[in-house]
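Engineer: pasting the sequence and the predicted model now:
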Amino acid sequence: MNIKGSIEELKTMLHTKGNVVIVTHQNPDGDALGAASALALLLHDKGCKVRIITPNNTPIYLRSIEAFDFITDFLCFTPFAITTLREADFIYCLDFNNIATRTGEVGVHIKKNKKALKVIIDHHQDPDMDACDLVFSDGAESSTCHLLMRLLVEMDMVDSITDDIASSLYTGMMTDTGNFSFGNLSSTLYKNIALLVDSGAKPAAIANRIFNVKSEESLRLKGHAICENMVLDYSTCSAYISLTLEELARFTYTSGDTEGLVNIPLSIKGIYNSALFTESDGYIKISLRSIKDMGADMNSFARTHFVGGGHINAAGARSFTTMDEAISIYKKGIKLVSSN
Ligand code: 5GP
Ligand code: MN
């Protein structure tokens with residue numbers, strides 16, 4: 001664990017009333033929003049004025065998150081978000097390691113606020129230790145939600161975990177581990193899940209409302225992508241899928257619709273590396289996944305071959321090339337990795 005500052009300072013901060021802003025990374029996922037929701041509710045209960053600011057919108061499947069009403073989408077409500085960031089006494093950065101590269105324009109306004117105390121709580125590799133006053137970063141942790149839970153246990157704050165806070169924390173633990181099928185599934189994680197269940201989290205109900213709320217179109221898009229666009233190379237144990245803007249439009253794509261698609265090729269016997277190339281406005285979004293101890297280190301792959309990063313088995317990047325060029329870079333990179 002990389003730590004800057006002390007847990008006592010964090011505890012004091014959590015018990016000081018003031019204007020709080022909680023920021024997630026771009027394209028917030030279940031872990032980012034789960035952690036943000038849990039912390040927002042906890043600080044609200046302690047008398048703080050709290051806003052969660054996301055750099056862009058919350059995907060539909062995550063809009064049942066407990067603190068959804070606390071969320072402001074920076075892109076939709078830019079002037080309000082800027083004022084809120086300017087007036088913040090405390091800024092919590094959750095589930096990302098680098099303000100400058102992971103939060104879009106929000107990062108500019110975090111930096112501008114010189115008076116706020118700033119904290120990173122995160123589980124990605126190589127945290128930016130200089131950007132915040134306090135940093136709690138554990139690259140071996142399976143989710144930011146579980147890291148936050150561990151910190152609450154250490155600060156003797158388990159009594160502050162209401163049923164809504166427990167449900168929020170459980171959401172991120174569940175989504176970032178692929179419903180407890182990958183990542184570092186430690187015994188501490190399961191012990192802490194027991195605490196969350198005792199605090200009122202209902203695992204089956206949460207799984208149902210997160211995983212079973214997809215649109216028909218999103219399922220048809222995935223079916224199309226697998227059937228028509230999935231390319232396998234057994235010699236390098238790898239697969240990739242690509243989706244163009246035209247295809248996304250054909251299936252009335254909205255953010256979150258391709259969630260989980262990149263993992264699907266990994267369910268094929270002998271495939272340990274997978275990539276999803278999604279055409280966006282002006283760049284190609286790349287998602288990279290590998291199977292623990294079998295496939296490539298995707299964090300270093302994303303950093304070496306593209307501009308990106310993440311975790312060993314789940315990383316992402318952007319490529320300002322054509323789709324074909326991005327795919328070609330991936331194929332060459334995978335060949336290199338598999339020949340080593
Ligand atoms: P996803 O494929 O779900 O978008 O992202 C998987 C992981 O890679 C996440 O942990 C995310 O934080 C990281 N990631 C995704 N895109 C980027 C990127 O453009 N830059 C960096 N540094 N990390 C990314
Ligand atoms: Mn995460």
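Structural biologist: Perfect, thanks for sending it. Keep in mind that what you see is a predicted model, and the values were worked out from it rather than measured. Residues are numbered from 1 along each chain as shown. Ligands and ions are numbered 1, 2, ... in the order given.
Engineer: only C-alpha atoms from now on, for both contacts and neighbour counts.
Structural biologist: OK.
Engineer: break this structure down into its domains, please.
Structural biologist: Listed domain ranges for the chain are 2-211, 217-339 (source: automatic domain parsing).
Engineer: closest one to ligand 1 among those domains?
Structural biologist: Of all the domains of the chain, it is domain 217-339 that lies closest to ligand 1, at 3.2 Å by CA to the nearest ligand atom.
Engineer: circling back to that earlier point, next, format the domains of the chain as TSV and append mean neighbour count.
Structural biologist: Conversion of the domains of the chain to TSV gives the following (neighbours: other CA atoms under 10 Å):
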stretch	mean neighbour count
domain 2-211	19
domain 217-339	18
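Engineer: let's have those in TSV, adding distance to ligand 2.
Structural biologist: Listed next are these as TSV, based on distance: least, CA to the ion, whole Å:
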stretch	distance to ligand 2
domain 2-211	5
domain 217-339	9
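Engineer: in JSON lines, list those domains along with mean pLDDT.
Structural biologist: Output for those, formatted as JSON lines (pLDDT from 0 to 100):
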{"stretch": "domain 2-211", "mean pLDDT": "97"}
{"stretch": "domain 217-339", "mean pLDDT": "96"}
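Engineer: show me where the stretch 151-300 of the chain has its strands.
Structural biologist: Applying DSSP state E, counting those that start in this stretch to the stretch 151-300 of the chain gives strands spanning 230-233, 238-243, 273-279, 284-290.
Engineer: the ones you listed: which one's closest to Phe68?
Structural biologist: strand 284-290 (26.0 Å; CA to CA).
Engineer: which other helices and strands does the closest one contact?
Structural biologist: strand 273-279, helix 298-305, strand 314-319 (3 or more CA pairs under 8 Å, 6 or more residues apart in numbering; DSSP states H and E).
Engineer: list the contacts of Cys93.
Structural biologist: Ile22, Val23, Thr24, Ile99, Lys118, Val119, Ile120, Ile121, Asp122 (CA atoms under 8 Å, 6 or more residues apart in numbering).
Engineer: how does it look with 10 Å?
Structural biologist: 21-25, 32, 36, 52-53, 99, 103, 110, 118-122, 132, 135 (CA atoms under 10 Å, 6 or more residues apart in numbering).
Engineer: that one - that's part of a strand, no?
Structural biologist: Yes: counting by DSSP: H, G, I helix; E, B strand; the rest coil, Cys93 is found in a strand.
Engineer: name whatever forms a beta bridge with it.
Structural biologist: Val23, Ile120 (DSSP bridges).
Engineer: columns distance to Arg150 on top of the strands of the stretch 151-300 of the chain, output as TSV?
Structural biologist: As requested, the strands of the stretch 151-300 of the chain are exported to TSV (distance: least, CA to CA, whole Å):
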stretch	distance to Arg150
strand 230-233	39
strand 238-243	35
strand 273-279	31
strand 284-290	26
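Engineer: shouldn't Ile121 be in contact with Leu147?
Structural biologist: Yes: the pair Ile121 and Leu147 qualifies as a contact (CA atoms under 10 Å) at a distance of 7.6 Å.
Engineer: between those two, what contacts are shared?
Structural biologist: Ala35, Asp95, Phe136, Ser137, Asp138.
Engineer: any chance of these in TSV with secondary structure as columns?
Structural biologist: Formatted as TSV, the shared contacts of Ile121 and Leu147 follow (three-state DSSP):
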residue	secondary structure
Ala35	helix
Asp95	coil
Phe136	strand
Ser137	strand
Asp138	coil
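Engineer: tell me the residues of the protein that contact ligand 1?
Structural biologist: Applying CA under 6 Å from any ligand atom, we find that the chain lies next to ligand 1 at Ser287, Leu288, Gly308, Gly309, Gly310, His311, Ala314, Ala315, Gly316, Ala317, Arg318.
Engineer: try 8 Å
Structural biologist: By CA under 8 Å from any ligand atom, the residues of the chain that approach ligand 1 are 25, 27, 29, 95-98, 101-102, 124, 259, 262, 276, 285-289, 299, 302-303, 307-311, 314-318.
Engineer: just the helices in the stretch 151-300 of the chain please.
Structural biologist: Secondary structure of the stretch 151-300 of the chain (DSSP state H, counting those that start in this stretch): helices at 163-176, 187-198, 203-211, 216-229, 245-250, 298-305.
Engineer: who's in contact with the residue nearest to Ile334 when sequence neighbours are not counted?
Structural biologist: Nearest residue to Ile334, sequence neighbours excluded (CA to CA, 6 or more residues apart in numbering): Thr236, at 6.8 Å. Neighbouring residues of Thr236 by CA under 10 Å, 6+ apart: Gly270, Ile271, Tyr272, Asn273, Gly295, Lys331, Ile334, Lys335, Leu336, Val337, Ser338, Ser339.
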